[in-house]
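>>> sequence first, predicted coordinates after that:
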Amino acid sequence: MIYAGGTLRAGETVDNPNSRVDTLPPLRRQPRTASQGGRSRLPATQPAGDDVRGVNSPQWMKYFQGGKPSPEWLAKMEAVREILTSNGRTLAQGALAWLWARSERTIPIPGFRTVAQVEENCRAMQFGPLTAGQMAEVETLLGR
């Protein structure tokens, strides 16, 4: 992600009194799994050599091994999914709740393609941010 002060890598944040820039929330970095109907967003073939998911992936890309999500990462993501979707939230609403819990100064700008997705994102406000306990559990699960 590029911002006014330079470039961020996945997992990095920038804090100053006026703004906060976060990279993607935890579940936005992972592929679809069999539990999501068996459809994967990963290509059927091995990623190109310059693809960050490939065999030459950067050191921070710990959640892909040889172009495929690591089993350890998939297990962590399933556990995080349970927290994000607690209390009746959808996964998208949980991702927004995670962002809101990171900082009071964070204003997420979620993407959407349909009116239904806009409505789902707006309903996230009914749930509010994740609790401090939920955030601590997510951080523990992700090994941070």
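Perfect, I can see it now. Numbering: from 1, shown residues only.
>>> now do the helices in the chain.
Counting by DSSP state H, the segments of the chain that form helices are 71-84, 91-102, 115-127, 132-141.
>>> quick one: the shortest one to helix 71-84, angle?
Yep, that's helix 132-141 we're talking about. Put simply, helix 132-141 runs at 180 degrees to helix 71-84, going by axes from the mean of the first three to the mean of the last three Cα atoms, to 10 degrees.
>>> okay, buried residues for helix 132-141 please.
Under the neighbour-count criterion of 16 or more other Cβ atoms under 10 Å, helix 132-141 has 134-135, 137-138, 141 buried. Glycine gets a C-beta too; all of them are placed from N, C-alpha and C.
>>> quick check: G88 vs F127, distance?
Using Cβ to Cβ, to the nearest Å, one obtains 8 Å as the distance from G88 to F127.
>>> out of the two, which sits in the busier spot?
For G88 versus F127, neighbours defined as other Cβ atoms under 10 Å are more numerous around F127 (17 against 9).
>>> the nearest residue to that one once chain neighbours are set aside: neighbour count?
Counting by Cβ to Cβ, 6 or more residues apart in numbering, R89 is the residue found nearest to F127 once chain neighbours are left out, at 5.3 Å. Using other Cβ under 10 Å, R89 has 20 other residues around it.
>>> R105 now?
Neighbouring residues of R105 were enumerated by other Cβ under 10 Å; the total is 11.
>>> Q93 too?
22.
>>> looking at it now. What's its pLDDT?
pLDDT recorded at Q93 is 96.
>>> OK, contacts around it?
Contacts for Q93 were tallied using Cβ atoms under 8 Å, 6 or more residues apart in numbering; they are 120-121, 123-124, 127.
>>> need the buried ones from these selected in PyMOL.
For anyone working in PyMOL, the buried entries among those, judged by 16+ other Cβ under 10 Å, can be selected with:
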select buried, resi 120+121+124+127
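>>> now the contacts of Q93 in CSV, with pLDDT and distance to V55?
Compiled in CSV, the contacts of Q93 are given as follows (pLDDT from 0 to 100; distance: Cβ to Cβ, whole Å):
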residue, pLDDT, distance to V55
E120, 95, 37
N121, 94, 36
R123, 95, 41
A124, 95, 38
F127, 95, 40
